[in-house]
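Q: how does the following fold in three dimensions:
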Amino acid sequence: MTADHVQSRQKPPESDRSTISGLVDQLRRFDGSPEQFLVDLLAIQCFLGRADSGAILRDAEGQGLDALAIYPPPKGEQPAPAWLSKSNAFAREAISVDEAVIRPLPKELAGHPARSYILSLPLKIVDTGQAVELFLIRANNRAALKMRQQQLELSIGLLGIAEKRLAVERKDVDGPSKAGTHLRRLQRAMETLSAVNHQNRFKGTAMALCNEVASQWQCERVSIGLLKGRYIELKAMSHSEHFSRKMRLIQDIESAMEECFDQDCEILHPALPQATYISRATGELSAKQGPRAILSLPLRLAGEVRGVVTAERPAERSFNLEEVEAIRLTCELCTPRLLNLYEHDRWVGARAKASSRRALAALVGPEHTWAKVLAILLFVVILFLVFAKGQFRAEAPFVLEATYQQTICAPFDGFIKAVNVEVGDTVEQGKTTLAELDAAELRLQLAAAKADRAGYLKQFAAAMRDGETAQAQIAQANADKVEAQIELFNYLIDQARIVSPINGTVVKGDLKRQIGAPVKTGDVLFEVTPLESLRAELLVPEDEVFDVAVGQHGYLATASYPAQRIKFVVERVNPAAEVVNNRNVFKVRARLVETRPWMRPGMEGVAKVTVGRRRYTWIWTRKIVNWLRMKLWL
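A: Numbers count the residues shown, from 1 in each chain. Prediction:
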């Protein structure tokens, strides 16, 4: 068999089975060189996968990639195809990741259409080592490309023939007879696979698999059941397009399949002497239908049992180990294609239901525990942020100020004689002497005034005695004038002792270091403020002022005592904004519900007004959301 012979075979789909059978049979009887054998292998694979070209490259351990076989083979001294020379990187990538790699063919290569792809499949060949198969594929869509890839991946089992062929060349210990057995087994498997691959719907694929297995191994009935929920449901039966699940036969077959599924092993009836599995349901099926020889094999995908194949034939022709291995190989090759069509060849609702079931199984299953715990925690946090509500408080700086403050000034020009209080001292109205001024000069002036008054009174008496009425009136007027001065001096002397006019705290007047210093009338000596008259003036930013209303409560903390919270009530919101520290703010007046002895006018800190309950998401994101709305004009 030559590569040109394989390339020239172009038969209609109904003859593909005989074509594959003939190719594999010729491959089994091939007696040429190993190099030509690999070329013929590539030819068969290209025929099965509908690839334009193929090549087998070997990793020469740091010396590059050697071409073991190329299909179609170059003629004479013709160089390797252009696409192959551009594929070294793809080949090395497939070897490094040890999995299939598919890349689009660069458009700059002349002679190839735009929708061409290079498929790289890693493999190992006996006595050759790490190698890779490259195929040039043309496909118009991703679905067709995926189907070609699956067909070529399944056909990679043909390399087992090459290994056995090389073993025959070296007279391996297995001998020619065992190699021939393996070739016949693979031939049947590939014929079945070819029939399955030509079906595009699940029903047709399942029927083709049942009919091919029944034909290849002379079975009277072959059935396929797939897992549905917790049970196996019969999906196809050889030579029977329609059947009812209410039939007793169907129920018996499903029971035998579930027996195989539950034990996750192959069940053969009659059982071998060393068998340890339970075959009660299989035995009942055999007794009711025959007796018959029955073989049930699980269909696995990614190590998970997804279905069961049950084959039946007369009891005198029981299944031997070679047939079991052959049917097992056939099932392993056909299962991916069968299950792929089963998943996708259903109406949208069924596919959505299956996807939801798998997602829920992964969600509540025993795997990936920590990932699920984190996902649950994240979900709980999201729910908390979306639905939970917390107390929203508008934050603003504040300053303490006094609503009433008594200023105490110097009553006359003089000198400070004594100071009895300091800033922060508590004083009582009319009882606490704040300071004393020196009144010695006033007392001298008072004595002089009293002497003048006595002189004027004598002049008044003399004028009255002499009958000088006018002089008496002048003397009396001067005496009254001096009397007024005496009263003034007495008043000023009394004012020299400065007392507090109100109850409160001295907030200004540290004069102890100024004793003896002169003061003038009207100089401010002390300021006394009642603590109960303190209030807070909040500077609320303009983006939060409309959340603040009269009557709302809140708490404030000063910078001096941050650990102590003072409750307040909003009394007034100024209607006009003011610029403070280059920011637009609204002044909000708040009445303090309680006061502390350490509180003083002018203290600053932070106040928080309790606005109401809001969602945490809104509380934590409102500033950035408002900023984005202003920037993006949303």
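Q: could you use CA atoms for every contact and neighbour count after this?
A: Noted.
Q: centre of this structure to the edge, which residue is at the far end?
A: Within the chain, the residue lying farthest from the chain centre (Cα atoms, centre = their mean) is Asp466, at 119.2 Å.
Q: give me the contacts around the helix or strand harbouring Arg393.
A: Here Arg393 is covered by strand 389-402, with elements defined by DSSP states H and E. Contact partners of strand 389-402, identified using Cα atoms under 8 Å, 6 or more residues apart in numbering, comprise 529, 531, 533-541, 544, 547-548, 600-616, 619.
Q: so after that strand, what's the next helix or strand?
A: Counting by DSSP H and E, the next helix or strand C-terminal to strand 389-402 is strand 406-409.
Q: and the closest residue to Leu105 other than its chain neighbours, how many neighbours?
A: Nearest non-adjacent residue to Leu105, counting by Cα to Cα, 6 or more residues apart in numbering: Tyr117, 4.9 Å away. Counted with other Cα atoms under 10 Å, residues neighbouring Tyr117 total 20.
Q: contacting residues for Tyr117?
A: 102-105, 136-139.
Q: rerun at 7 Å
A: Tyr117 sits next to 102-105, 136-138 when contact means Cα atoms under 7 Å, 6 or more residues apart in numbering.
Q: that one belongs to a helix, doesn't it?
A: No: Tyr117: not assigned to a helix; according to DSSP: H, G, I helix; E, B strand; the rest coil it is strand.
Q: do you know how far it is from Leu136?
A: 6 Å (Cα to Cα, to the nearest Å).
Q: residue closest to the middle of this protein?
A: Leu378 (8.0 Å).
Q: taking the contacts of strand 389-402, please make a ChimeraX selection of just the buried ones.
A: Selection of buried members from the contacts of strand 389-402 for ChimeraX, criterion 16 or more other Cα atoms under 10 Å:
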select :529,531,533,534,535,536,537,538,539,540,541,548,600,601,604,605,606,607,608,609,610,611,615,616,619
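Q: which of the contacts of strand 389-402 fall in strands?
A: Among those, the members found in strands (DSSP state E) are 529, 534-541, 604-615.
Q: stretch 199-212 - what's its average pLDDT?
A: The average pLDDT within stretch 199-212 is 89.
Q: gap between it and the chain center?
A: 43 Å (Cα atoms, centre = their mean, to the nearest Å).
Q: got the buried residues for that stretch?
A: 199, 202-212.
Q: which two among the residues you listed are spaced furthest apart?
A: With Cα to Cα as the measure, no two of these lie farther apart than Phe202 and Glu212, at 15.2 Å.
Q: how much space separates the residue farthest from the centre of the chain from Gln476?
A: Counting by Cα to Cα - Asp466 and Gln476 are separated by 15 Å.
Q: contacting residues for the residue farthest from the centre of the chain?
A: Contacts of Asp466 (Cα under 7 Å, 6+ apart): none.
Q: separation between it and Asp452?
A: When Asp466 is compared with Asp452 (using Cα to Cα), they lie 21 Å apart.
Q: so where do the strands sit in the stretch 151-300 of the chain?
A: Here the stretch 151-300 of the chain has its strands, by DSSP state E, counting those that start in this stretch, at 221-228, 231-237, 267-269, 292-301.
Q: between those, which one is nearest to Glu325?
A: Using Cα to Cα, the nearest of these to Glu325 is strand 292-301, at 10.4 Å.
Q: got a pLDDT number for Glu284?
A: 90.
Q: that one - how many residues pack around it?
A: Glu284, neighbours per other Cα under 10 Å, totals 15.
Q: could you measure the nearest residue to it once chain neighbours are set aside against Thr505, distance?
A: What sits nearest to Glu284 in space, not counting adjacent residues and going by Cα to Cα, 6+ apart, is Asp252, at 7.8 Å. Between Asp252 and Thr505 the computed distance is 102 Å (Cα to Cα).
Q: with neighbour numbers in mind, choose between these two.
A: Thr505 (22 against 18).
Q: CA atoms of stretch 503-510 as PDB?
A: This file holds the C-alpha atoms of stretch 503-510, laid out as PDB (Å, rounded to 0.1, in the frame of the first residue of the first chain):
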ATOM      1  CA  ASN A 503     -21.100  82.700  87.600                       C
ATOM      2  CA  GLY A 504     -18.800  81.000  85.200                       C
ATOM      3  CA  THR A 505     -15.200  80.200  84.200                       C
ATOM      4  CA  VAL A 506     -12.400  82.600  83.500                       C
ATOM      5  CA  VAL A 507     -11.500  82.100  79.900                       C
ATOM      6  CA  LYS A 508      -9.100  85.100  79.500                       C
ATOM      7  CA  GLY A 509      -7.100  87.100  82.000                       C
ATOM      8  CA  ASP A 510      -3.700  85.600  82.800                       C
END
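Q: and the contacts of that stretch?
A: Here stretch 503-510 has contacts from 422-429, 525-531, using Cα under 7 Å, 6+ apart.
Q: flag whichever of those residues scores worst on pLDDT.
A: Leu531 (72).
Q: quick check: bridge partners of the closest residue to that one other than its chain neighbours?
A: Leaving aside its chain neighbours, Leu531 sits nearest to Gly504 (6.5 Å; criterion: Cα to Cα, 6+ apart). On the basis of DSSP bridges, Gly504 is bridged to Val427.
Q: again with Val585
A: Pro541, Glu578.
Q: does it touch Pro575 like I think?
A: No: between Val585 and Pro575 there is no contact under Cα atoms under 7 Å: 10.6 Å.
Q: higher neighbour count, these two?
A: Of the pair Val585 and Pro575, Val585 is the one with more neighbours under other Cα under 10 Å, namely 22 against 9.
Q: check contacts around the more buried one.
A: Contacts of Val585 by Cα under 7 Å, 6+ apart are 539-542, 577-579.
Q: residue boundaries of the helices in the stretch 201-350 of the chain?
A: 202-216, 248-263, 280-289, 321-344, 348-364 (DSSP state H, counting those that start in this stretch).
Q: could I get those helices as JSON lines with distance to Lys567?
A: Shown next, in JSON lines, are the helices of the stretch 201-350 of the chain (distance: least, Cα to Cα, whole Å):
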{"stretch": "helix 202-216", "distance to Lys567": "76"}
{"stretch": "helix 248-263", "distance to Lys567": "71"}
{"stretch": "helix 280-289", "distance to Lys567": "81"}
{"stretch": "helix 321-344", "distance to Lys567": "67"}
{"stretch": "helix 348-364", "distance to Lys567": "50"}
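Q: so which of the ones you listed gets nearest Trp83?
A: helix 321-344 (29.3 Å).
Q: buried set for the closest one?
A: Those would be 324, 326-339, 341-342, for helix 321-344 by 16+ other Cα under 10 Å.
Q: what's the angle between that helix and strand 292-301?
A: 50 degrees (axes from the mean of the first three to the mean of the last three Cα atoms, to 10 degrees).
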